[in-house]
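Asks: Please find the sequence and the predicted model below.
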Amino acid sequence: MGSLAQREDLQDDEDKNSAFTWEVQANNRAYNAQFKEKVFLCWRRKKYKTNVIHTAKYNFFSFLPLNLYEQLHRVSNLYFLLIIILQSIPNISTLPWFSLGAPMVCLLFIRATRDLVDDIGRHKSDRAINNRPCQILLGKSFKRKKWQNLCVGDVVCLHKDNIIPADMLLLASTEPSSLCHVETVDIDGETNLKFRQALMVTHKELTSVKKMASFQGHLGRRAEPADH
(Lines give C-alpha, C1' and ligand atoms only; values in the text may rest on other atoms or scores of the structure.)
Protein backbone atom coordinates (compact mmCIF):
# COMPACT_ATOMS: atom_id res chain seq x y z
CA MET A 1 0.00 0.00 0.00
CA GLY A 2 2.81 2.36 0.85
CA SER A 3 4.62 1.83 -2.47
CA LEU A 4 1.33 2.23 -4.39
CA ALA A 5 0.59 5.53 -2.65
CA GLN A 6 4.13 6.69 -3.34
CA ARG A 7 3.76 5.88 -7.04
CA GLU A 8 0.46 7.78 -7.16
CA ASP A 9 2.11 10.79 -5.51
CA LEU A 10 4.95 10.67 -8.03
CA GLN A 11 2.42 10.43 -10.87
CA ASP A 12 0.54 13.46 -9.53
CA ASP A 13 3.81 15.41 -9.33
CA GLU A 14 4.66 14.47 -12.91
CA ASP A 15 1.20 15.61 -14.07
CA LYS A 16 1.66 18.94 -12.32
CA ASN A 17 5.13 19.40 -13.76
CA SER A 18 3.92 18.50 -17.26
CA ALA A 19 1.21 21.17 -17.17
CA PHE A 20 1.67 24.12 -19.49
CA THR A 21 2.46 27.47 -17.91
CA TRP A 22 1.20 29.05 -21.13
CA GLU A 23 -0.35 27.70 -24.30
CA VAL A 24 -1.22 29.27 -27.65
CA GLN A 25 -3.26 27.86 -30.52
CA ALA A 26 -2.86 29.20 -34.03
CA ASN A 27 -5.84 30.76 -35.82
CA ASN A 28 -8.03 30.65 -32.71
CA ARG A 29 -8.49 33.98 -30.96
CA ALA A 30 -11.37 32.70 -28.82
CA TYR A 31 -9.24 29.87 -27.44
CA ASN A 32 -6.33 32.15 -26.58
CA ALA A 33 -8.60 34.79 -25.03
CA GLN A 34 -10.00 32.35 -22.47
CA PHE A 35 -6.79 32.30 -20.44
CA LYS A 36 -6.88 34.64 -17.46
CA GLU A 37 -4.41 35.54 -14.76
CA LYS A 38 -5.11 36.67 -11.23
CA VAL A 39 -4.18 40.26 -10.46
CA PHE A 40 -5.69 40.99 -7.06
CA LEU A 41 -8.33 39.08 -5.10
CA CYS A 42 -11.15 38.41 -7.59
CA TRP A 43 -9.80 40.76 -10.23
CA ARG A 44 -8.58 38.81 -13.25
CA ARG A 45 -7.34 39.98 -16.63
CA LYS A 46 -6.35 38.42 -19.93
CA LYS A 47 -3.10 36.52 -19.70
CA TYR A 48 -1.81 37.58 -23.10
CA LYS A 49 -1.13 41.25 -23.79
CA THR A 50 -2.16 43.16 -26.84
CA ASN A 51 0.33 44.23 -29.50
CA VAL A 52 -0.13 47.95 -28.86
CA ILE A 53 3.29 49.55 -28.37
CA HIS A 54 3.37 52.19 -25.65
CA THR A 55 6.69 53.86 -24.88
CA ALA A 56 5.37 57.30 -23.85
CA LYS A 57 5.62 58.16 -20.17
CA TYR A 58 2.72 60.59 -19.80
CA ASN A 59 -0.79 61.25 -21.00
CA PHE A 60 -2.95 64.38 -20.92
CA PHE A 61 -4.00 63.90 -17.29
CA SER A 62 -0.84 62.41 -15.75
CA PHE A 63 1.76 64.77 -17.20
CA LEU A 64 1.60 67.57 -14.64
CA PRO A 65 1.49 65.52 -11.40
CA LEU A 66 3.84 62.78 -12.62
CA ASN A 67 6.42 65.16 -14.07
CA LEU A 68 6.36 67.31 -10.95
CA TYR A 69 6.76 64.19 -8.81
CA GLU A 70 9.77 63.06 -10.86
CA GLN A 71 11.44 66.48 -10.74
CA LEU A 72 11.03 66.82 -6.99
CA HIS A 73 12.82 63.48 -6.60
CA ARG A 74 16.04 65.14 -7.80
CA VAL A 75 18.33 65.98 -4.90
CA SER A 76 19.13 69.44 -6.23
CA ASN A 77 15.44 70.36 -6.51
CA LEU A 78 14.75 69.05 -3.03
CA TYR A 79 17.62 71.15 -1.69
CA PHE A 80 16.29 74.34 -3.28
CA LEU A 81 12.77 73.53 -2.09
CA LEU A 82 14.08 73.16 1.47
CA ILE A 83 15.85 76.53 1.23
CA ILE A 84 12.66 78.17 -0.07
CA ILE A 85 10.69 76.71 2.85
CA LEU A 86 13.26 78.05 5.31
CA GLN A 87 13.20 81.48 3.64
CA SER A 88 9.44 81.64 4.09
CA ILE A 89 9.98 81.77 7.88
CA PRO A 90 10.46 85.47 8.78
CA ASN A 91 12.44 84.82 11.98
CA ILE A 92 15.33 83.04 10.24
CA SER A 93 15.17 84.54 6.74
CA THR A 94 16.99 87.61 5.49
CA LEU A 95 15.73 87.40 1.91
CA PRO A 96 12.22 87.07 0.47
CA TRP A 97 11.20 83.52 -0.46
CA PHE A 98 10.62 84.38 -4.13
CA SER A 99 14.31 85.25 -4.61
CA LEU A 100 14.92 81.50 -5.01
CA GLY A 101 11.33 80.49 -5.70
CA ALA A 102 11.11 82.28 -9.04
CA PRO A 103 14.33 80.72 -10.48
CA MET A 104 13.23 77.28 -9.30
CA VAL A 105 9.83 77.63 -10.93
CA CYS A 106 11.53 78.70 -14.18
CA LEU A 107 13.86 75.70 -13.99
CA LEU A 108 10.97 73.29 -13.38
CA PHE A 109 9.05 74.85 -16.28
CA ILE A 110 11.99 74.49 -18.69
CA ARG A 111 12.57 70.85 -17.75
CA ALA A 112 8.85 70.09 -17.95
CA THR A 113 8.70 71.65 -21.42
CA ARG A 114 11.65 69.53 -22.56
CA ASP A 115 10.03 66.36 -21.16
CA LEU A 116 6.75 67.28 -22.85
CA VAL A 117 8.40 67.72 -26.25
CA ASP A 118 10.23 64.38 -25.89
CA ASP A 119 7.04 62.60 -24.84
CA ILE A 120 5.09 64.04 -27.77
CA GLY A 121 7.74 62.54 -30.03
CA ARG A 122 7.26 59.16 -28.33
CA HIS A 123 3.50 59.37 -28.85
CA LYS A 124 4.00 60.09 -32.56
CA SER A 125 6.45 57.19 -32.89
CA ASP A 126 4.08 54.80 -31.07
CA ARG A 127 1.18 55.89 -33.26
CA ALA A 128 3.19 55.37 -36.44
CA ILE A 129 4.30 51.87 -35.41
CA ASN A 130 0.87 50.78 -34.16
CA ASN A 131 -0.84 51.96 -37.34
CA ARG A 132 1.56 50.26 -39.75
CA PRO A 133 -0.30 47.82 -42.04
CA CYS A 134 0.17 44.07 -41.92
CA GLN A 135 -1.57 41.04 -43.40
CA ILE A 136 -3.32 38.84 -40.83
CA LEU A 137 -5.02 35.55 -41.65
CA LEU A 138 -8.69 35.97 -40.72
CA GLY A 139 -11.04 33.25 -41.86
CA LYS A 140 -9.83 31.90 -45.19
CA SER A 141 -7.85 34.86 -46.48
CA PHE A 142 -5.25 37.38 -45.44
CA LYS A 143 -6.70 40.77 -44.58
CA ARG A 144 -4.97 44.10 -44.26
CA LYS A 145 -4.97 45.21 -40.62
CA LYS A 146 -2.89 47.35 -38.31
CA TRP A 147 -0.13 45.95 -36.13
CA GLN A 148 -2.00 47.09 -33.03
CA ASN A 149 -4.83 44.70 -33.98
CA LEU A 150 -2.53 41.67 -33.95
CA CYS A 151 -3.41 39.05 -31.32
CA VAL A 152 -1.56 36.09 -29.87
CA GLY A 153 -1.78 33.09 -32.20
CA ASP A 154 -2.48 35.04 -35.39
CA VAL A 155 -0.83 33.93 -38.62
CA VAL A 156 0.86 36.84 -40.40
CA CYS A 157 2.15 37.11 -43.96
CA LEU A 158 5.43 39.03 -44.15
CA HIS A 159 7.31 40.35 -47.15
CA LYS A 160 10.82 41.56 -47.83
CA ASP A 161 11.93 44.66 -45.87
CA ASN A 162 8.87 44.54 -43.57
CA ILE A 163 9.30 45.99 -40.08
CA ILE A 164 8.11 43.54 -37.43
CA PRO A 165 7.06 45.17 -34.13
CA ALA A 166 6.12 41.85 -32.51
CA ASP A 167 7.58 38.50 -31.43
CA MET A 168 7.02 36.06 -34.27
CA LEU A 169 7.46 32.32 -34.85
CA LEU A 170 8.53 31.35 -38.35
CA LEU A 171 6.22 28.66 -39.76
CA ALA A 172 7.16 28.65 -43.44
CA SER A 173 9.12 30.60 -46.00
CA THR A 174 9.25 30.85 -49.77
CA GLU A 175 12.92 29.81 -49.65
CA PRO A 176 13.57 26.14 -50.53
CA SER A 177 15.07 25.42 -47.09
CA SER A 178 12.57 27.72 -45.30
CA LEU A 179 15.22 30.24 -44.32
CA CYS A 180 14.51 33.83 -43.33
CA HIS A 181 16.99 36.65 -42.70
CA VAL A 182 16.18 39.18 -40.00
CA GLU A 183 18.04 42.40 -39.30
CA THR A 184 17.92 43.47 -35.65
CA VAL A 185 18.86 46.88 -34.27
CA ASP A 186 20.21 47.51 -30.77
CA ILE A 187 19.49 50.61 -28.70
CA ASP A 188 22.89 52.06 -29.63
CA GLY A 189 22.07 51.69 -33.34
CA GLU A 190 24.22 48.61 -34.03
CA THR A 191 22.59 46.29 -36.58
CA ASN A 192 22.95 42.51 -36.78
CA LEU A 193 21.85 40.21 -39.58
CA LYS A 194 20.51 36.90 -38.26
CA PHE A 195 18.87 33.96 -39.97
CA ARG A 196 15.91 31.89 -38.85
CA GLN A 197 14.68 28.56 -40.19
CA ALA A 198 11.21 27.07 -39.88
CA LEU A 199 10.49 23.46 -39.03
CA MET A 200 10.36 21.30 -42.14
CA VAL A 201 7.03 19.79 -41.09
CA THR A 202 5.30 23.18 -41.20
CA HIS A 203 7.33 24.28 -44.23
CA LYS A 204 6.06 21.29 -46.25
CA GLU A 205 2.51 21.45 -44.89
CA LEU A 206 1.71 25.17 -45.10
CA THR A 207 1.98 25.60 -48.85
CA SER A 208 -1.31 27.42 -49.52
CA VAL A 209 -3.66 29.87 -47.86
CA LYS A 210 -6.29 27.13 -47.54
CA LYS A 211 -3.92 24.92 -45.55
CA MET A 212 -2.87 27.87 -43.41
CA ALA A 213 -6.51 28.64 -42.61
CA SER A 214 -7.06 25.07 -41.37
CA PHE A 215 -3.80 25.04 -39.40
CA GLN A 216 -4.46 24.51 -35.66
CA GLY A 217 -0.97 24.11 -34.26
CA HIS A 218 -0.32 24.41 -30.53
CA LEU A 219 2.61 26.10 -28.85
CA GLY A 220 3.19 25.82 -25.12
CA ARG A 221 5.75 25.93 -22.36
CA ARG A 222 5.80 23.33 -19.61
CA ALA A 223 6.46 24.18 -16.00
CA GLU A 224 9.93 23.59 -14.61
CA PRO A 225 10.15 20.27 -12.68
CA ALA A 226 10.23 20.71 -8.93
CA ASP A 227 13.36 19.76 -7.00
CA HIS A 228 13.00 16.82 -4.60
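Replies: Sure, I can see it. Numbering: from 1, shown residues only.
Asks: Longest helix in this structure, please.
Replies: If you go by DSSP state H, the chain has its longest helix at helix 98-130.
Asks: That one packs against which elements?
Replies: In terms of contacts (3 or more C-beta pairs under 8 Å, 6 or more residues apart in numbering; DSSP states H and E), helix 98-130 is packed against helix 63-71, helix 75-87. Just so you know, the C-beta spots here come from the backbone N, C-alpha and C atoms, and that holds for glycine as well.
Asks: Would you mind listing the outside residues contacting the helix or strand just after it?
Replies: Scanning forward in sequence from helix 98-130, with DSSP states H and E defining helices and strands, the next element found is strand 133-138. Strand 133-138 is contacted by residues 27, 142-147, 149-150, 154-158, 162, 209, 212-213 when judged by C-beta atoms under 8 Å, 6 or more residues apart in numbering.
Asks: and the helices and strands packed on helix 98-130, which one is worst for confidence?
Replies: Mean pLDDT is lowest for helix 75-87 among the helices and strands packed on helix 98-130, at a mean of 83.
Asks: Provide the secondary structure category for the residue of the chain most remote from its centre.
Replies: Among the C-alpha atoms of the chain, the one farthest from their average position, using C-alpha atoms, centre = their mean, is that of Asn91, at 54.7 Å. Reducing the assignment to helix, strand or coil with DSSP: H, G, I helix; E, B strand; the rest coil, the entry for Asn91 is coil.
Asks: what's near enough to touch the spatially closest residue to Met168 that is not a sequence neighbour?
Replies: Across the structure, with C-beta to C-beta, 6 or more residues apart in numbering as the measure, the residue nearest Met168 apart from its sequence neighbours is Val156 (6.8 Å). Taking C-beta under 8 Å, 6+ apart as the definition of contact, the neighbours of Val156 are Cys134, Gln135, Ile136, Leu137, Leu150, Ala166, Met168.
Asks: Mind giving me the PyMOL select for those residues, buried ones only?
Replies: Typed into PyMOL, the line below selects the buried ones among those, using 16 or more other C-beta atoms under 10 Å:
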select buried, resi 134+135+136+137+150
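Asks: picking that back up, who does the residue nearest to Met168 bridge with?
Replies: Legend: beta-bridge partners of Val156 under DSSP bridges are Ile136.
Asks: quick one: it and Asn162, what's the gap?
Replies: Look at Val156 and Asn162: by C-beta to C-beta, to the nearest Å, they are 9 Å apart.
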